[in-house]
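*Asks:* what's the 3D shape of this:
(one chain, ligands or ions: 1)
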Amino acid sequence: IPGVRKAVLSASPYAPGKTVEEVRRELGLERIVKLGSNENPWGPFPAARAAMAEEIGRLNTYPDVSFRELKGLIARQSGLGPEWVALSHGAEGMLQTMGKVFLDPGDEVVLPKGTYGLYREISLVMGAVLREIPLGEDFSMDLEEMRKAITGKTKLVWLNNPNNPTGLALHPEKVEDFVRCLPEGTWVVLDEAYGEFAAQGRLPRTKALLEERRNLVAVRTFSKAWGLAGARIGYALARPELVTVIDTVSEPFNANRTAIAGASAALREDVEAFRKALDAIVSERERVSLALEAMGLRVLPSSTNFIFFTLPLDASEVSRMLLEKGVIVRPCGGWGFPRSIRVTVGTAEENSFFLEALGQVLAERK
Ligand code: PMP
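*Replies:* Residues are numbered from 1 along each chain as shown. Now for the predicted structure:
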């Protein structure tokens with residue numbers, strides 16, 4: 001297309017999973033269980049739902065661009081002041097902003113190979129040069145190799161912890177050491193989209209690192225544990241000077257009224273529902289992981305609301321067979337893992353439906 005930037009042409013469009021409506025139309029199935037997008041079946045929680053419904057009546061007016069209330073609530077939760085918080089439309093919005101803040105054409109970025117795909121595309125669109133470090137045999141991120149890949153030109157390191165699609169959490173102290181040893185001009189974007197699902201004490205001490213003025217931006221979202229994926233609201237924690245830069249680069253009204261109302265009400269009044277959902281997801285995660293192991297499959301220990309497992313079969317074919325039985329999962333061939341599947345932890349009933357379908361597929365392929 002004439003006129004489109006060269007760097008833009010090097011990036012690929014996001015490939016979304018199938019929607020329930022698509023599968024229903026294509027296959028005419030009655031029951032469809034979507035476990036392909038790491039959504040939370042328990043959200044939105046009651047106070048968020050009511051606040052969003054009420055806010056619709058105010059959609060003729062712009063939101064408060066200072067985002068005072070929500071920033072205050074996030075600040076209270078994180079133990080930092082509101083001046084350490086920047087909002088965005090989803091974590092994705094903040095990741096895009098990170099590219100705009102840090103990357104000039106020709107700058108280098110370091111990232112693992114099997115991780116959330118957007119880091120790569122954002123970096124390419126900005127004209128940056130990728131240094132991709134393969135995951136280890138055990139699917140873990142090799143922080144040592146990533147550290148070695150940092151040069152004088154490295155502006156950003158993209159770190160997703162716990163990681164999508166593997167579900168693995170890094171050792172917190174190793175992340176802290178990594179951040180503390182960064183050269184002056186290199187920043188880490190620590191994407192903690194799934195952080196709430198990790199066990200207590202399994203995440204690095206972001207607050208301490210930020211207060212030490214390390215080159216760190218932590219990115220979080222209301223899409224996963226807070227069950228508000230459709231509302232599109234995320235945020236970053238960063239030192240106040242950088243928050244000013246982020247707010248300068250972002251669109252001024254980059255979070256909408258309903259999302260702000262929903263996220264604020266959730267943090268104010270839905271904490272109990274949030275905890276209950278989290279407990280349900282974590283206990284189902286353990287049940288499904290054990291059931292998959294009992295089928296003889298290799299299952300990674302998950303710190304997220306999804307499970308990564310490896311089969312002795314082609315994952316795309318298994319996913320297609322599961323789809324024919326009404327279960328949407330995510331085959332991981334695009335990440336370079338042609339025998340692995342990522343499945344979201346749904347309700348107990350959805351998970352049992354998935355396990356039954358997978359059992360049938362494995363029996364058919366015997
Ligand atoms: N980071 C990671 C690692 C993700 O998996 C996702 C969603 N799939 C996002 C960010 C984007 O989340 P949001 O819905 O907040 O834009």
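*Asks:* what's the pLDDT at residue 206?
*Replies:* Model confidence at residue 206, expressed as pLDDT, equals 96.
*Asks:* interface residues of the stretch 201-350 of the chain facing the ligand?
*Replies:* For the stretch 201-350 of the chain, the residues found near the ligand under the criterion C-beta under 6 Å from any ligand atom are 221, 223, 229, 234. For every residue, glycine as well, the C-beta is placed using N, CA and C.
*Asks:* if we go to 5 Å?
*Replies:* By the criterion of C-beta under 5 Å from any ligand atom, the positions of the stretch 201-350 of the chain lying close to the ligand are 221, 223, 234.
*Asks:* Can you name the residue of the stretch 51-200 of the chain that approaches the ligand most closely?
*Replies:* Residue nearest to the ligand within the stretch 51-200 of the chain: residue 90 (2.6 Å; C-beta to the nearest ligand atom).
*Asks:* ok, and what's touching the helix or strand bottoming out on mean pLDDT in the chain?
*Replies:* Among the helical and strand segments of the chain, the one scoring lowest on mean pLDDT, DSSP states H and E is helix 20-27, with a mean of 85. By C-beta atoms under 8 Å, 6 or more residues apart in numbering, the list of residues contacting helix 20-27 from outside reads 29, 32, 34, 323-324, 326, 328.
*Asks:* Then stretch 232-239?
*Replies:* Applying C-beta under 8 Å, 6+ apart, the set of residues contacting stretch 232-239 from outside is 74, 78, 80, 84-94, 97-98, 193, 206-207, 210, 213, 216-223, 243, 246, 255-256, 259-260, 262-263.
*Asks:* Buried ones among those residues?
*Replies:* Listed as buried from the contacts of stretch 232-239 are 74, 78, 80, 84-94, 97-98, 193, 206, 210, 216-223, 243, 246, 255-256, 259-260, 262-263; burial here means 16 or more other C-beta atoms under 10 Å.
*Asks:* what's near enough to touch residue 69?
*Replies:* With contacts taken as C-beta under 8 Å, 6+ apart, residue 69 has the following neighbours: 260, 264.
*Asks:* Could you check how far it is from residue 63?
*Replies:* 10 Å (C-beta to C-beta, to the nearest Å).
*Asks:* shared neighbours of these two, which are they?
*Replies:* Going by C-beta under 8 Å, 6+ apart, residues that sit against residue 69 and also against residue 63 are residue 260.
*Asks:* Break this structure down into its structural domains.
*Replies:* The chain is divided into the following domains under automatic domain parsing: 6-43+272-365, 46-269.
*Asks:* deepest of those, which one?
*Replies:* For the domains of the chain, average neighbour numbers computed from mean count of other C-beta atoms under 10 Å are highest in domain 46-269, which has a mean of 19.
*Asks:* Now do the end-to-end distance for it.
*Replies:* Using C-alpha to C-alpha, to the nearest Å, one end of domain 46-269 lies 9 Å from the other.
*Asks:* ok, which stretches of the protein are helices?
*Replies:* Along the chain, counting by DSSP state H, helices occupy 6-9, 20-27, 46-55, 68-78, 90-102, 118-125, 143-149, 172-180, 206-211, 240-249, 257-269, 271-294, 315-324, 348-365.
*Asks:* From residue 244, how far out is residue 173?
*Replies:* For residue 173, the distance to residue 244 under the criterion C-beta to C-beta works out to 31 Å.
*Asks:* cool, and residue 316?
*Replies:* Using C-beta to C-beta, one obtains 46 Å as the distance from residue 316 to residue 244.
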